[in-house]
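*Asks:* Structure for the following, please:
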Amino acid sequence: MKRIFYVTTPIYYPNDLPHIGHAYTTVLADVLARWHRLKGSDVFFLTGTDEHGLKLQRAAEKRGVKPKEFVNRMVPEFKKYWRLLEISYNRFIRTTDMDHEEVVKKALEKLYSKGLIYKGIYRGWYCSSCEKFYSEGEYEEKEGKKICPIHVKELEWVEEETYFLKLSAYQDEVLKLVRDTDIIHPRGYAREIASKLEREGLRDLSIARPKDRVYWGIELPFDNRYVVYVWIDALLNYLTGIGYGGDGKFREYWSVVHHVIGKDILWFHTAIWFAVLLM
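*Replies:* Purely as a prediction, here's the structure:
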């Protein structure tokens with residue numbers, strides 16, 4: 001039987017042109033894809049763009065265009081650079097693709113029907129560039145201001161009604177997976193995630209944004225006043241790309257998935273993603 005290999009890059013924000021970090025990660029994934037093809041494997045290599053959220057919304061507004069028009073201008077630039085680097089991807093996925101929107105809605109409806117999503121109030125410091133909230137101890141302080149440690153910009157205080165995903169119910173399973181298997185490489189990063197889980201726990205995640213603040217995104221299937229949080233939207237692309245919910249080779253490819261990522265998005269791709277997949 002022919003071996004199967006599935007490799008992904010993160011999907012990139014097209015708020016600006018590709019940079020060296022994008023190229024580094026994508027070339028590394030391409031090397032893996034080419035190597036496994038040389039060995040005779042059936043390879044599927046997925047890359048693409050993460051096109052929703054406040055960061056893209058603001059980038060479009062700054063240029064005086066609608067978000068869809070803005071991302072439609074930027075995506076060809078990513079494809080151009082990948083052609084120059086001879087990146088051999090099988091699919092370039094966009095989170096604005098219709099099949100992806102269907103997968104996101106289907107997945108969230110399933111989680112909602114299982115009682116894993118509930119409504120609540122979120123209060124916290126938010127970085128629109130990271131598209132994430134920072135807890136005390138995670139951000140830096142300078143001259144009385146809360147600063148994003150990655151983008152070195154002032155955080156915004158956000159307080160809003162939202163929907164939460166019950167990640168905390170899966171903390172023990174995620175910790176065991178991270179600590180007792182070789183699912184994360186290099187292993188030093190597994191120890192880092194395990195330590196954070198033991199120290200801080202796995203908190204429930206806000207998975208929606210009110211349209212009066214963030215209108216550019218996939219509408220929440222069970223409440224049309226909200227759009228889906230961009231990170232949940234983005235992570236589900238790995239399922240869309242190989243035909244989740246269809247009759248193709250989804251299960252075969254998914255059983256051998258390899259995510260190539262940067263360390264700055266490690267928490268989302270391990271603790272959070274593993275919990276979602278366990279649901």
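
*Asks:* Show residues contacting the helix or strand of the chain with the lowest mean pLDDT.
*Replies:* Every helix and strand of the chain was ranked by mean pLDDT, DSSP states H and E. The lowest is strand 132-134, at a mean of 75. With Cβ atoms under 8 Å, 6 or more residues apart in numbering as the test, strand 132-134 has contacts from 122, 124-127, 146, 148-149, 155, 158, 206, 231, 268. (Each C-beta comes from the backbone N, C-alpha and C, glycine too.)

*Asks:* same thing but at 7 Å, please
*Replies:* 124-127, 148, 155, 231 (Cβ atoms under 7 Å, 6 or more residues apart in numbering).

*Asks:* Mind listing the strands it pairs with, and their directions?
*Replies:* Its sheet considered, strand 132-134 pairs with strand 117-127 (antiparallel) by DSSP bridges.

*Asks:* Would you map the helices across this protein?
*Replies:* 20-38, 54-62, 67-84, 98-113, 171-180, 187-200, 230-235, 237-240, 250-254, 266-267, 273-278 (DSSP state H).

*Asks:* Make JSON lines out of those helices and add mean pLDDT.
*Replies:* What follows is the helices of the chain, written out as JSON lines (pLDDT from 0 to 100):
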{"stretch": "helix 20-38", "mean pLDDT": "98"}
{"stretch": "helix 54-62", "mean pLDDT": "92"}
{"stretch": "helix 67-84", "mean pLDDT": "98"}
{"stretch": "helix 98-113", "mean pLDDT": "98"}
{"stretch": "helix 171-180", "mean pLDDT": "97"}
{"stretch": "helix 187-200", "mean pLDDT": "96"}
{"stretch": "helix 230-235", "mean pLDDT": "95"}
{"stretch": "helix 237-240", "mean pLDDT": "98"}
{"stretch": "helix 250-254", "mean pLDDT": "93"}
{"stretch": "helix 266-267", "mean pLDDT": "96"}
{"stretch": "helix 273-278", "mean pLDDT": "98"}
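
*Asks:* wait, which of these is closest to Lys211?
*Replies:* helix 54-62 (10.9 Å; Cβ to Cβ).

*Asks:* Please tell me how far the closest one is from the chain's geometric centre.
*Replies:* For helix 54-62, the separation from the chain centroid amounts to 18 Å (computed by Cα atoms, centre = their mean, to the nearest Å).

*Asks:* number of nearby residues for Gly201?
*Replies:* By other Cβ atoms under 10 Å, 12 other residues sit near Gly201.

*Asks:* got it, and Thr181?
*Replies:* 9.

*Asks:* what's it sitting at in phi/psi?
*Replies:* Phi and psi for Thr181, reported as degrees, to the nearest 10, are phi -130, psi 170.

*Asks:* tell me the contacts of Phe250?
*Replies:* Phe250 neighbours (Cβ under 7 Å, 6+ apart): 242-244.

*Asks:* Now do it against Ala60, distance only.
*Replies:* 33 Å (Cβ to Cβ, to the nearest Å).

*Asks:* One more: Ile4?
*Replies:* 39 Å.

*Asks:* Which one's more surrounded, these two?
*Replies:* Between Ile4 and Ala60, counted using other Cβ under 10 Å, Ala60 has the larger neighbour count: 20 against 16.
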